[in-house]
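[1] Give me coordinates for this.
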Amino acid sequence: MVSSAQGRARREARLDGAAIAERTRVAAGPDGRPSVGDVATWNTFPFERDGLRVRSLADPVVPEPPRSGEDPTACRACAAPDAAYAWTDDRWRLKAPERVQLPRFVLEPRVHVDLGDLDEDGAGALGRMVVRVERALAAVPGVGRVHVHRWGDGAAHLHVFFLARPEGLLQLRGLTMPVWSSHLPALPDDEWHAIVAAVVAGLGAGGAATSA
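    Below is the predicted model of the structure:
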């Protein structure tokens, strides 16, 4: 049984970005910069704490600018040919970028939808596909863990990232691995192409459109 107070709280629920920005500035002090948080003490954090400064938090921009592909007729993912992907089937396409610092794949549906647009069947299919890709990438020798990320701020067409952490590189554990990856040299092409081929083989039924 939901009380009237609980019902009212649900109806009034709202995340207030302007209030968050103002509270942050007040807590930060005169220069408006928040102090460096505890994350800088983690042994997985890529940067040394000394000399590190946090940017001041800007006011929210509302309405937000449109993402790439908000207009389906201008969506780059929809317009891309199957040859641009490492693996495809009748519902999904898996991209393997040309130059990567760590193994990275991007899963996209063929239809132009975002995560919240999926119906029950689509949601179930996405879950199964995420598990398939994770298993195929995790089976590559030397992969210690597979991270699965979905941000959605850059493009309106649903895309899910898979990043492989090399076994033993414990500093790359957790949420800092994408930051670490931007500071590492690219994998040699032959090494990356072999990983892509192994993942494609691990996915099985579907098509191998490219070698990378």
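[2] Which helix in this structure has the most residues?
    helix 120-138 (DSSP state H).
[3] Report the buried residues of that one.
    Within helix 120-138, the residues scored as buried using 16 or more other Cβ atoms under 10 Å are 122, 126, 129, 132-134, 136-137. Where you see a C-beta, it was placed from the backbone N, CA and C, and this is true even at glycine.
[4] Give the rounded mean pLDDT of whichever helix or strand comes after that helix.
    Using DSSP states H and E, the helix or strand that follows helix 120-138 in sequence is strand 143-149. In this model, strand 143-149 has a mean pLDDT of 98.
[5] cool, and stretch 124-139?
    98.
[6] Any chance you could list what contacts it?
    The contact list for stretch 124-139 (Cβ atoms under 8 Å, 6 or more residues apart in numbering) reads 91-92, 94, 103, 105, 107, 109, 115, 118, 143, 145-146, 148, 160, 162, 164, 198-203.
[7] Counting only strands, which of these make the cut?
    Using DSSP state E, the members of the contacts of stretch 124-139 that fall in strands are 92, 94, 105, 107, 109, 143, 145-146, 148, 160, 162, 164.
[8] Quick check on these: which are buried?
    Buried by 16+ other Cβ under 10 Å: 92, 94, 105, 107, 109, 143, 145-146, 160, 162, 164, out of the ones in strands among the contacts of stretch 124-139.
[9] From these, pick the one nearest Leu15.
    Set against Leu15, the nearest of these by Cβ to Cβ is Val160 (23.6 Å).
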